[in-house]
Every structure is written in C-alpha cells, then in structure tokens.
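In: Okay, predicted coordinates and the sequence, questions at the end:
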Amino acid sequence: MGSVSEELSLVPLHQRPELMEACAQLLGEEWGKSRASRLHSLQRSSDAFPTCLLLLQSSGPAQLPASEKSPCQLLGHIRLSRVAGHPCSLFVESVVVPKALRGQGYGRKLMEAAERYARARGFRRLHLTTHDKQHFYAHLGYTLAEPVQVMPFMSPGISAEVLRVFSAHPRPAVSTPGTLVPGTNKRSLPSPDVPPPPPLPPQGCSRAAPATTCGQSILETPHRDAKGVPIFWMKKDV
C-alpha cells in the first residue's frame, strides 16, 4: 500500500476484493459496458499486470450523501498494463474519479500516486491516450508521443526474459548484398522484396518537444482510435 496523505491511500484492487462491485459501478457510470464485462476485466488485476489501483479514503468526503459513505470510500480507479517492446514502461488507462468529486484535485492525486507506484517497482515511463483531456495530462508533465502497443493481459508466472522476447520486434532475415551463399561460389543478389529504408524525419522535428511532435500538437493529432475518433498519445518519465 502506498501512502498518498494522512487520509488517502493507493491499493491494488486484488488486495481489496470487497470493493470489486463499487469499482465496477464507478467504471460503468463513466463508460457503460455490461456489469459482467467490467467485473471480468477487474478480476484480472494482479501484481504481474494489468494492475487495477484504487484511490481510497478512510471516510467519505462531506460532499457525498451519507448513504454513499463507508469506512473506506472509493475516490478513483486507474489501471496499469505492460507495454510491448518497452520493459521499463507501463500504459495508463481507465482513469476515473466519481462525478461528485471532480474538480477537487483527486484526479491529480490519483495520477501522482500511480506514478510513485510504478517508480517503486522499477518502471521509468508511463504512456497513455486521451480524446479530450490532453491539457490535464500536459499540466501533470505528460508530453505528446508516438503510439505504443499495449499488452493488456499477461500470465502471473511469465518471466522477465520471456517478456523481453515477446516484446522484441522480429527482424526479417535478409541477405546482405555481396555476401557468399553457403555451398556455392556465387554471391547473393539483393532481394527485390526488401523495401527501401524509411526516410529521415524532417530537420527541426524533435520528439522531446513538450507541446508538439512530428505531425501533431496539443490541439491536433493525426492519430485515430478504432472508431476513427482523434486520439492523443502521451508519455511521461517518472
């Protein structure tokens, strides 16, 4: 359990299974989907990732009705997953705070606590996507980035070595022009199917720029989600 303040704490959902229903309801109010689908996803939380993290308070805030208060009040949810090809990175998703509590800083506290959680476990970078909250994340230090591949579900028993092999991008075996082919005295010719190398990026385009990257800015993005809606990819070193 990572302490956030005297009253708040960040805990993995699988350590507090009695909060499963409350968490499913919070996610359902924001994104819909069936209760069964939400519970199935939440039940996959583990220390091996994906990990669902809950921001909790020992007693409910005064703004909430008495009927919604409990000895342990759910203030937010966030999920962390592994990133293919980036063993030191995690992907942030399903960030949500109850509607009645928004605008009071709980979103920032949730993100900062998740960053500490990731850093304490040896991860050094967080990735995320957003359709319309890019300014919020930019205020927290996230910058525009290129897309990455998320690994949403991994077996708890998978080793770090297997993970690295799975995450590596395979390289096609291509004969080098002018090399000898075993068993012959002839030199191989370049394969006609090998594509030319990609062009170099335009001069002056920096991936580290805080507000812009190649072809995108904090207001415009060339990336689209599965439904064709513009989506911003962002990252932060933690």
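Out: Alright, I've got the coordinates. Numbering: from 1, shown residues only.
In: Would you map the helices across the chain?
Out: Counting by DSSP state H, the chain has these helices, from start to end: 20-31, 35-42, 106-120, 134-139, 160-167.
In: Convert the C-alpha atoms of the first one to PDB, please.
Out: What that stands for is helix 20-31. Only the C-alpha atoms of helix 20-31 are listed here, as PDB (Å, rounded to 0.1, in the frame of the first residue of the first chain):
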ATOM      1  CA  MET A  20     -15.000  -5.000  -6.700                       C
ATOM      2  CA  GLU A  21     -18.600  -4.100  -7.100                       C
ATOM      3  CA  ALA A  22     -18.100  -0.400  -6.200                       C
ATOM      4  CA  CYS A  23     -15.300  -0.200  -8.700                       C
ATOM      5  CA  ALA A  24     -17.400  -1.800 -11.400                       C
ATOM      6  CA  GLN A  25     -20.200   0.700 -10.700                       C
ATOM      7  CA  LEU A  26     -17.700   3.600 -10.900                       C
ATOM      8  CA  LEU A  27     -16.400   2.400 -14.300                       C
ATOM      9  CA  GLY A  28     -19.900   1.700 -15.600                       C
ATOM     10  CA  GLU A  29     -21.100   5.200 -14.800                       C
ATOM     11  CA  GLU A  30     -18.300   6.600 -17.000                       C
ATOM     12  CA  TRP A  31     -18.000   4.100 -19.900                       C
END
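In: Any buried residues in that helix, and which?
Out: 20, 22, 23, 24, 26, 27 (16 or more other C-beta atoms under 10 Å). The C-beta positions use only the backbone N, C-alpha and C, and glycine is treated the same way.
In: Return the distance of the second one relative to residue 7.
Out: Spelled out, it's residue 22. 18 Å (C-beta to C-beta, to the nearest Å).
In: just the last one next, same as before
Out: For residue 27, the distance to residue 7 under the criterion C-beta to C-beta works out to 23 Å.
In: and residue 88, how many residues sit next to it?
Out: Neighbourhood size, residue 88 [other C-beta atoms under 10 Å]: 11.
In: what do you get for residue 142?
Out: For residue 142, using other C-beta under 10 Å, the count is 24.
In: mind listing what it touches?
Out: Residue 142 makes contacts with 126, 128, 234, 235, 236, as judged by C-beta atoms under 8 Å, 6 or more residues apart in numbering.
In: at 7 Å instead, please
Out: 128, 234, 235, 236 (C-beta atoms under 7 Å, 6 or more residues apart in numbering).
In: doesn't residue 143 make contact with the third one?
Out: Okay, so that is residue 235. Yes - with contact defined as C-beta atoms under 7 Å, residue 235 counts as touching residue 143 (6.3 Å).
In: So between the two, which is more surrounded?
Out: residue 235 (23 against 18).
In: can you give me phi and psi for the nearest residue in space to the more buried one that is not next to it in sequence?
Out: Take residue 235 and drop its neighbours on the chain: the residue closest to it by C-beta to C-beta, 6 or more residues apart in numbering is residue 145, 4.0 Å away. As for residue 145, its main-chain torsions (degrees, to the nearest 10) stand at phi -150, psi 170.
In: Look at residue 145 and say how many residues are nearby.
Out: Residues near residue 145, counting by other C-beta under 10 Å: 19.
In: Could you give me the buried positions within stretch 227-238?
Out: Quick answer for stretch 227-238 (16+ other C-beta under 10 Å): 231, 232, 233, 234, 235, 236, 238.
In: Distance to residue 216 added to those residues, as JSON lines?
Out: Shown next, in JSON lines, are those (distance: C-beta to C-beta, whole Å):
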{"residue": "231", "distance to residue 216": "10"}
{"residue": "232", "distance to residue 216": "8"}
{"residue": "233", "distance to residue 216": "8"}
{"residue": "234", "distance to residue 216": "10"}
{"residue": "235", "distance to residue 216": "13"}
{"residue": "236", "distance to residue 216": "16"}
{"residue": "238", "distance to residue 216": "22"}
